[in-house]
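Q: build me a structure from this.
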Amino acid sequence: MPAQPLGRIERPEAAYVLGERKLYVAALIYPIPGAPVGYTQRLNAYWKAIDDHVGRLESKAGVVKHVFHEGIADAADAGLDALKEVNEPAYALIKSRIDAGASFEALEDDETFAEAMDWGRCLQIGFMSRKVADTISDAYRRAAEARYNHMKQAIEETLGQSEAGLLIAASTRGLQLSTSVHVYNVVPPELDELMRWLRDSAAVEAGAAQDAPEETPQPESKLWTPGH
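A: Predicted coordinates for the structure are as follows:
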């Protein structure tokens with residue numbers, strides 16, 4: 001997927017892509033119940049930055065007409081209700097664009113999404129049998145491929161010529177859109193700040209755990225996990 005760094009859209013190119021299909025992509029960062037103090041503040045700052053950056057893109061390359069959100073298989077009001085439940089910090093920036101005329105679109109297929117998630121959870125379990133591990137890995141790969149194919153179809157069949165869409169997803173690594181869709185990755189500095197803060201918080205917790213009294217050693221696990 002061709003990508004244009006945010007904030008580096010030269011005017012001639014912006015004029016060119018006005019007649020093409022565009023997809024603005026923002027990383028999905030969820031709220032975490034019971035998160036350490038400071039997380040929610042940084043998360044809200046991240047989504048505010050996404051709102052601002054997308055707004056600047058809209059002024060140069062085209063106003064958002066369609067909104068897609070990972071994990072949501074409903075459109076219109078039902079999709080917005082689902083969004084508010086799973087990602088309330090992003091609700092304001094999406095609702096403002098819906099109010100301005102954009103449409104909230106169904107991105108996922110419920111069954112395909114559930115199958116990919118279930119196989120993914122299975123992969124997190126240790127396996128004694130290499131055969132079982134390979135079987136589950138293959139099942140996950142096929143389910144994930146089917147899921148991404150559905151997402152691709154939903155996006156490409158919805159985006160009209162010269163229209164722009166907004167996609168919020170944790171990862172687009174498996175999403176192979178056609179070259180007719182110009183992809184703009186929205187990566188504000190607030191994302192790096194949030195990730196760095198999470199790493200630092202995890203390091204502090206790990207240090208505290210090392211300082212805790214030692215527990216009785218446990219027998220070495222004989223389970224086999226993918227990649228080992």
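Q: in this protein, where's the longest helix?
A: When the chain is parsed with DSSP state H, its longest helix is helix 130-158.
Q: list the buried ones in it?
A: In terms of neighbour count (16 or more other Cβ atoms under 10 Å), helix 130-158 has its buried residues at 133, 136-137, 139-140, 143-144, 146-148, 150-152, 154-155, 158. Where C-beta positions appear, they are placed from N, C-alpha and C, glycine not excepted.
Q: and it, what other elements does it pack with?
A: In this structure, helix 130-158 makes packing contacts with strand 64-69, helix 110-123, strand 164-169, judged by 3 or more Cβ pairs under 8 Å, 6 or more residues apart in numbering; DSSP states H and E.
Q: dump these into CSV; add mean neighbour count as well.
A: Listed next are the helices and strands packed on helix 130-158 as CSV, based on neighbours: other Cβ atoms under 10 Å:
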stretch, mean neighbour count
strand 64-69, 24
helix 110-123, 16
strand 164-169, 24
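Q: mind checking which of the ones you listed is nearest Lys95?
A: Closest to Lys95 of the helices and strands packed on helix 130-158 is strand 64-69 (Cβ to Cβ; 9.5 Å).
Q: could you list the buried residues of the helix or strand just after that closest one?
A: Remark: after strand 64-69, the chain's next helix or strand is helix 76-86, criterion DSSP states H and E. Under the neighbour-count criterion of 16+ other Cβ under 10 Å, helix 76-86 has Gly79, Leu80, Ala82, Leu83 buried.
Q: got the helices and strands packed on helix 130-158 as JSON lines, with mean pLDDT columns?
A: Shown next, in JSON lines, are those (pLDDT from 0 to 100):
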{"stretch": "strand 64-69", "mean pLDDT": "98"}
{"stretch": "helix 110-123", "mean pLDDT": "95"}
{"stretch": "strand 164-169", "mean pLDDT": "97"}
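Q: ok now the longest helix of the chain, how far from the chain's centre?
A: Its chain's average C-alpha position is 16 Å from that of helix 130-158, according to Cα atoms, centre = their mean, to the nearest Å.
Q: what angle separates that helix from strand 64-69?
A: 160 degrees (axes from the mean of the first three to the mean of the last three Cα atoms, to 10 degrees).
Q: quick revisit: out of the helices and strands packed on helix 130-158, which is closest to Tyr24?
A: Of the helices and strands packed on helix 130-158, nearest to Tyr24 by Cβ to Cβ is strand 164-169, at 5.0 Å.
Q: by how many degrees do the closest one and strand 64-69 diverge?
A: Taking the same axes, to 10 degrees, one finds strand 164-169 and strand 64-69 inclined to each other by 10 degrees.
Q: roughly how far out does strand 164-169 sit from the chain middle?
A: 10 Å.
Q: what of stretch 56-65?
A: Worked out by Cα atoms, centre = their mean, stretch 56-65 lies 20 Å from the chain centre.
Q: related to what we said a few turns ago, wait, which of the buried residues of helix 76-86 is closest to Cys122?
A: Looking at those and their distance to Cys122, the nearest is Ala82, at 24.9 Å (Cβ to Cβ).
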